[in-house]
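Visitor: Next input, structure requested:
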Amino acid sequence: MQQALIGILLVLGFASYMLYTENQTLTNNNMKLEGALADQTAAIETLRESFERQSKSLLNMSRQNAIIEAEKAEYLSIFSRHNLDVLALKKPGLMENRFNGASDKVMEGLEDDTKELYNLSNPTINN
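Guide: Below is the predicted model:
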């Protein structure tokens, strides 16, 4: 009887040891998973912020595109209503002045845009 009791105690002791080591392994794995979850949560938040910035930029670009398209439609409407060849032949001085004035405005706009882009790409240089 004593031997059976010792055998049962040994089996229970061994089973307790196995359960304890399994518990330790599961605890370590749980800590690793919690760390990975925190990393993934931070990565998801970073992606969410990036997506929001991109969405805002896309919305701004869409608005600017709509403005540019409206301006283009206005210019195309002007050109479709006027025959510039006939006007240039009938009133060359008037048309030349208008063409030159408009060309000057376009070139000034290009210069301003170029300066702005250059300043954006070279922020350390002050003009």
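Visitor: make it CA atoms for all contacts and neighbour counts henceforth
Guide: OK.
Visitor: Where does pLDDT dip in this protein?
Guide: Applying pLDDT under 70 to the chain flags the ranges 125-127.
Visitor: any idea which helix or strand carries the residue nearest the centre of it?
Guide: Taking C-alpha atoms, centre = their mean as the criterion, residue 54 is the residue nearest the geometric centre of the chain, at 3.0 Å. Here residue 54 sits within helix 2-81, counting by DSSP states H and E.
Visitor: Now find how far off-centre that helix is within its chain.
Guide: Chain-centre distance of helix 2-81: 18 Å, with C-alpha atoms, centre = their mean, to the nearest Å.
Visitor: Quick one: distance of the helix or strand following that helix to the chain centre.
Guide: Using DSSP H and E, the next helix or strand after helix 2-81 towards the C-terminus is helix 84-90. Taking C-alpha atoms, centre = their mean, one finds helix 84-90 lying 49 Å from the centre of the chain it belongs to.
Visitor: For helix 84-90, name the packing helices and strands.
Guide: Contacts defined by 3 or more C-alpha pairs under 8 Å, 6 or more residues apart in numbering; DSSP states H and E place helix 84-90 against helix 92-121.
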